[in-house]
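1. here is a sequence together with a model predicted from it:
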Amino acid sequence: MPELPEVEVVRRGLEPKVAGAIVQSLSVREPRLRWPVPTDLARRLRGARLRSVGRRGKYLLFDFGAGTLIVHLGMSGQLRLRAPGTRAERHDHVDIETSAGLLRFTDPRRFGAILWHDAAQGDVLAHPLLAHLGVEPLSSLFDGALLYRLSRGRSLTIKQMLLSGREVVGVGNIYASESLFRAGISPRARAGRLSRVRCDALAEAIRQTLRDAISRGGSSLRDFVDSDGAHGHFQLDCQVYGRAGEACRRCGAMIKIIRQQQRSSFYCPSCQRP
DNA sequence: CACGACTCCTGCTGGC
DNA sequence: TGCCAGCAGGAGTCGT
């Protein structure tokens, strides 16, 4: 479900409400997520005070001082703040009862993850899952120069490079297609062949696409909801994603769909060049 | 190292 | 109308 904008929308929704909250209890109904929920999590969290809610790529980072709760929403995860006592339904796998309310993790496909990183093990950003992530696309470190430098000598397609998360994080299948359309670049273009000018255009397109999506409250393709259960509106503005066979809004040509690495890519064959 | 295929899981949807 | 194959927004791991 969630790419960077959706995760950021969840983070922004939660942070002002739960920062400073004390954890009262934690209950795990289904520990079998992408990796097992740590068995000692309840003991570690009980009585702990949540300092802040951060984000790295698509990972949410709940800082408790003594350690960090790492949460990934996978493809179908939700993290919502509910009234205490709200009845658990199917796929409501983990509840964190806090002084600010019930923080509930729901994930039908169980591709999500809830992990603990102890402060004694060092900076959470050095965690194996986070250490090799690319640059944050909305930070000042990300621009066309970086994209150009990191793509030299690479034979994979630009779509695949964006999805890998090793150069830039947070761009998933929807926003990769949308960003490439904005930049006029075919998803099939070889990353290593992109000119500096086109890298500039792509970096700017990625930043604009993600900012727009965040400001609209995230994509609501399928079932994305924010921490209050509200749906986003980005899907209303998709230029190519999910529009195979329809007319390009810019030139009228028919939007195409192709498969790349088992994922669909949507693009306008007229507006986007290899 | 770089790259691509495979995999985990449940819920829909589209085509028959 | 009903059924079911195939596809879905992620990304770590493994084989080449």
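-> Yes, it's here. The shown structure was predicted, so the numbers you read here are calculated from the model rather than taken from an experiment.

2. for the stretch 151-274 of chain A, which segments count as strands?
-> For the stretch 151-274 of chain A, strands defined by DSSP state E, counting those that start in this stretch occupy the ranges A:256-260, A:263-267.

3. give me the distance between residue A:14 and DNA strand C.
-> As judged by Cβ to the nearest atom of the strand, to the nearest Å, residue A:14 and DNA strand C stand 17 Å apart. All C-beta spots, glycine's among them, are computed from the backbone N, C-alpha and C.

4. same question, residue A:68
-> With Cβ to the nearest atom of the strand as the criterion, residue A:68 and DNA strand C are 16 Å apart.

5. SS state for whatever residue of the stretch 1-150 of chain A ends up closest to DNA strand B?
-> Residue nearest to DNA strand B within the stretch 1-150 of chain A (Cβ to the nearest atom of the strand): residue A:109, separated by 3.3 Å. Secondary structure for residue A:109, judged by DSSP: H, G, I helix; E, B strand; the rest coil, is coil.

6. right, and it touches residue A:76 too?
-> Yes: Residue A:109 sits in contact with residue A:76 when judged by Cβ atoms under 8 Å, with a separation of 4.2 Å.

7. of those two, which one has the most company?
-> Neighbour tally, residue A:109 and residue A:76, criterion other Cβ atoms under 10 Å: the higher count belongs to residue A:76, 18 against 13.

8. which ones are touching the residue nearest to residue A:192 when sequence neighbours are not counted?
-> Counting by Cβ to Cβ, 6 or more residues apart in numbering, residue A:192 lies nearest to residue A:154, which is 4.4 Å off, once chain neighbours are set aside. Residue A:154 makes contacts with A:161, A:190, A:191, A:192, as judged by Cβ atoms under 8 Å, 6 or more residues apart in numbering.

9. grab the longest helix from chain A for me.
-> Longest helix in chain A, counting residues (DSSP state H): helix A:196-215.

10. average pLDDT across that one?
-> Taken as a whole, helix A:196-215 carries a mean pLDDT of 95.

11. what's that helix packed up against?
-> Where contact means 3 or more Cβ pairs under 8 Å, 6 or more residues apart in numbering; DSSP states H and E, helix A:196-215 is packed against helix A:4-18, helix A:144-151, helix A:173-183.

12. hmm, who's touching that helix?
-> Residues outside helix A:196-215 that contact it (Cβ under 8 Å, 6+ apart): A:3-6, A:8-9, A:137-138, A:142-148, A:151, A:158, A:162, A:168, A:170-171, A:175, A:178-180, A:182-185, A:194, A:219, A:232, A:234, A:237.
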